[in-house]
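Build me a structure from this.
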Amino acid sequence: GSEFWDRHGPLLRDAWDEWAAAADLPPLSERTVIDPSLREAVSAAWDRPSALREERVRSLVPEAVPGVHRCRLFAPESIRALRAHLEAAAASGIPRRRPNGMNRHGVILGDETDGAVSYRILLEFRNLLADRYLRPIGRALFPEHVGDGDDAEIYAFTISYTPGGDVELKEHRDMSVVTLNVNLNLPGEDYSGSSLYFIDETGRRQEVQFEPGMALFHLGSHRHAALPIIESERHNLVLWLFGAGGYVRVAPYHKNEQLSLRKRWYIKKDTIKEKWLTTADL
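Numbers count the residues shown, from 1 in each chain. Presented below is the predicted three-dimensional model:
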């Protein structure tokens, strides 16, 4: 139960730091992992936000079905580095807490939760994805739903779907204002079944396929599910953003209440790793 994780949380964090210091882990660099077209467009928008530069980012994240946007986030071959981290963590022998009541075979990534995988390299990469990509892109795609502070906190976790493990995900809403879901399968790791579907405004299912390295952006309130996997495995990384203390706003903002362009491309210094805005390779 939760008592174990509450009692041993600090010890487990120390264990992850000690383990990572001795492990032979590949680097996780923005330049080598993020798709070049998206990386360059996002970097330009951070450098000097403008309507034109934001529209360039939006053009790389078109709608796959109503309310669900899809893009190439990771270069397919570069997924190997991230998967190497996750597989090494799984083999570490350090106890890991399951992500939630619906997923048994993933891990939590973060130092905010007792029992999560929490070593520096992986945390910095998680923060990069949230701060530099998910926050501004989520604000740009869903301006009527993401206001100041609504995306302040992160919850990140992985999911593995297998015929003998987590087979499917029942229809649900996420506990987030905005969700990022990335396919972490490697090229050639084909599977059958396990399609995602989203419920549109008429109540109909809209199925979405996404290849290795592809990402989906959607509102957490958008009902969705994963159909049963039939063969092989599907691996995913999921990031949720929400307000302080788990607050999730659902009511839309009026036009005059929405974040300005500059605020969409701004994060308070106490919520972002400053290195992502200053390092020479961005």
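
now stretch 54-65, how far from the chain's geometric center?
17 Å (Cα atoms, centre = their mean, to the nearest Å).

can you give me the strands for the chain?
Using DSSP state E, the strands of the chain run over 63-65, 68-72, 108-109, 153-161, 169-172, 178-183, 192-193, 196-199, 205-208, 214-219, 224-226, 229-231, 234-242.

Mind telling me which of the ones you listed the model trusts least?
Of all the strands of the chain, the minimum mean pLDDT falls on strand 192-193 (a mean of 82).

hmm, back to that, next, format the strands of the chain as JSON lines and append distance to R80.
Placement of C-beta: from N, CA and C, glycine included. Below are the strands of the chain laid out as JSON lines (distance: least, Cβ to Cβ, whole Å):
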{"stretch": "strand 63-65", "distance to R80": "25"}
{"stretch": "strand 68-72", "distance to R80": "16"}
{"stretch": "strand 108-109", "distance to R80": "18"}
{"stretch": "strand 153-161", "distance to R80": "15"}
{"stretch": "strand 169-172", "distance to R80": "25"}
{"stretch": "strand 178-183", "distance to R80": "14"}
{"stretch": "strand 192-193", "distance to R80": "23"}
{"stretch": "strand 196-199", "distance to R80": "23"}
{"stretch": "strand 205-208", "distance to R80": "24"}
{"stretch": "strand 214-219", "distance to R80": "16"}
{"stretch": "strand 224-226", "distance to R80": "24"}
{"stretch": "strand 229-231", "distance to R80": "22"}
{"stretch": "strand 234-242", "distance to R80": "12"}
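
among these, which is nearest D14?
Ranking the strands of the chain by proximity to D14 (Cβ to Cβ) places strand 108-109 first, at 16.9 Å.

what residues does the closest one touch?
The contact list for strand 108-109 (Cβ atoms under 8 Å, 6 or more residues apart in numbering) reads 96-99, 115-118, 122-123, 126, 155-158.

what about stretch 19-38, how long is it end to end?
33 Å (Cα to Cα, to the nearest Å).

Name the residues that touch it?
39, 57, 60-61, 71-75, 78-82, 84-85, 88, 92, 94, 119-122, 124-125, 128, 132-133, 213, 276, 281-282.

Show the buried residues in the residues you listed.
39, 57, 60-61, 71-75, 78-79, 81-82, 85, 92, 94, 119, 122, 125, 128, 132-133, 213, 276, 282 (16 or more other Cβ atoms under 10 Å).

quick one on the thing from earlier: most surrounded residue in the contacts of strand 108-109?
Neighbour counts for those, by other Cβ atoms under 10 Å, peak at V117, which reaches 29 neighbours.

Make sure it is actually in contact with G106.
No - V117 is beyond contact range of G106, at 10.2 Å (criterion: Cβ atoms under 8 Å).

partners of N181 in the sheet?
Following DSSP bridges, N181 is listed with bridge partners L216, V238.

Count the neighbours of it for me.
Using other Cβ under 10 Å, the number of residues around N181 comes to 23.
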